[in-house]
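[1] One predicted model, sequence on top.
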Amino acid sequence: MGDIGHRVLVTGGAGFLGSHLCDRLLARGHEVTCLDSFLTSQRRTIAHLEANDRFTLIEHDIIDPIELQTDAIFNLACPAAPGHYQAEPMHTWRTSVYGVDNMVEVARRNQAPIFHSSTSEVYGDPDCSPQPESYRGNVNPIGPRACYDEGKRAAETLLFDARRRGDVQVKVVRIFNTYGPRMHPYDGRVVSNFIRQAINGEDITIFGDGSQTRSFCYVDDLIDGFLAMMEGPEDLSGPVNLGNPQERTILDLAQRVLEKIESSSQLVTKPLPPDDPLQRRPDITLATDRLGWKPRVDLEEGLEATIEAFRGLDLEDWTPPTKYWQGPPLTD
């Protein structure tokens, strides 16, 4: 596909992944418009960018239509952490469906390619491992995670129908568990949960017996994958898995965090939430063969950078608004 173009729209640009993508695009000389509703994101993640004359922030929810001029779209808008999307399930679903439909219209009017961040959650609780893009998933459509799982599946349907109709050029990736600096410490993801709890000397909460697995990809590697996909072969629309194929148990992750922080926290177990996947590992053959992409940052290095970032946070400033938070954090 080649050059992305000068003007780039990043929806969800103030989120964990979006803020890192904005950083990278600006560093490469692009003019970036960050669109964010601040439903679950924090303005502090992009505060360092607001003085840049090539950066524009627009507070807007993509559920509502908008007209913008752009050369390319990266659509990252959607609550993505369990603690957020399960607190706002209807809004999450609408973002994935109405919001994506609106972004397809912006892409069509501008004749701009649209990159969409889908998720490994479309595979549900998989009955094969690793999960290739051809696997159609094992999703519970009426469970507590369905707002996100099925919303993202519907978004993919909408995008590929628009592509078949000839309206837009689409680029879809399926993201596996990602971690790194700027994660919300109360987002309910397992890495942020463990690090926050260990730093505070709280019990480390493991849901289930800890034998369930995840594959953790550092944020810098994932952003490399985003750009490789957007600039990759024109005939590669996806979906393409992006993640680290090195599988780890949740118990192993907890023990590594405790060791690195030298925390006195104790491990405690709680029942596994409904529909929580027991295994999650990407098959990245397609990304490696067609994009020349594979993760480079190992878990030890990535955890150290993430822990250092968490140590610098005033956690009281990050306590999520009750509007978006119901009950204890979930794991993912």
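    Perfect, thanks for sending it. Predicted, not measured: the structure shown is a model, and the values here were computed from it. Numbers count the residues shown, from 1 in each chain.
[2] tell me which residues in the worst-scoring helix or strand of the chain on mean pLDDT are buried?
    Lowest by mean pLDDT, DSSP states H and E among the helices and strands of the chain is helix 82-85, with a mean of 78. Neighbour counts over helix 82-85 (16 or more other CB atoms under 10 Å) mark 82-85 as buried. For every residue, glycine as well, the C-beta is placed using N, CA and C.
[3] Is it possible to get TSV of the residues you listed that adds distance to Leu57?
    Listed next are those as TSV, based on distance: CB to CB, whole Å:
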residue	distance to Leu57
Pro82	27
Gly83	25
His84	20
Tyr85	23
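[4] now, among the residues you listed, which is nearest to Asp23?
    Nearest to Asp23 among the buried residues of helix 82-85: His84, at 21.9 Å, using CB to CB.
[5] any idea how far that closest one lies from Ile307?
    Distance, His84 to Ile307, by CB to CB, to the nearest Å: 22 Å.
[6] can you give me the strands for the stretch 151-300 of the chain?
    For the stretch 151-300 of the chain, the strands defined by DSSP state E, counting those that start in this stretch cover 170-175, 178-179, 204-207, 213-215, 217-218, 240-242, 247-249, 267-270.
[7] Average pLDDT for stretch 96-111, rounded please.
    Summarised as a single mean, pLDDT over stretch 96-111 is 97.
[8] What of stretch 17-35?
    98.
[9] For the residue sitting furthest away from the middle of the chain, report the pLDDT, please.
    Most distant from the centre of the chain: Ser264, at 30.5 Å, with distances by CA atoms, centre = their mean. Reported pLDDT at Ser264 in the predicted model: 88.
[10] Ile4 too?
    On pLDDT, Ile4 comes in at 85.
[11] For burial, what's the neighbour tally of it?
    19 (other CB atoms under 10 Å).
[12] Return the residues in contact with it.
    Applying CB atoms under 8 Å, 6 or more residues apart in numbering, we find Ile4 in contact with 25, 30, 71-72, 227, 230-231.
[13] which regions of this protein lie under the pLDDT threshold?
    For the chain, applying pLDDT under 70 flags the ranges 1-2, 315-332.
[14] Give me the domain ranges for it.
    For the chain, the structural domains run 7-179+215-242, 190-214+246-279+298-324, going by automatic domain parsing.
[15] Any chance you could list what contacts the helix or strand that contains His91?
    For His91, the element it lies in under DSSP states H and E is helix 89-94. Applying CB under 8 Å, 6+ apart, the set of residues contacting helix 89-94 from outside is 39, 63, 78-79, 84-85, 144, 147-148, 150-151.
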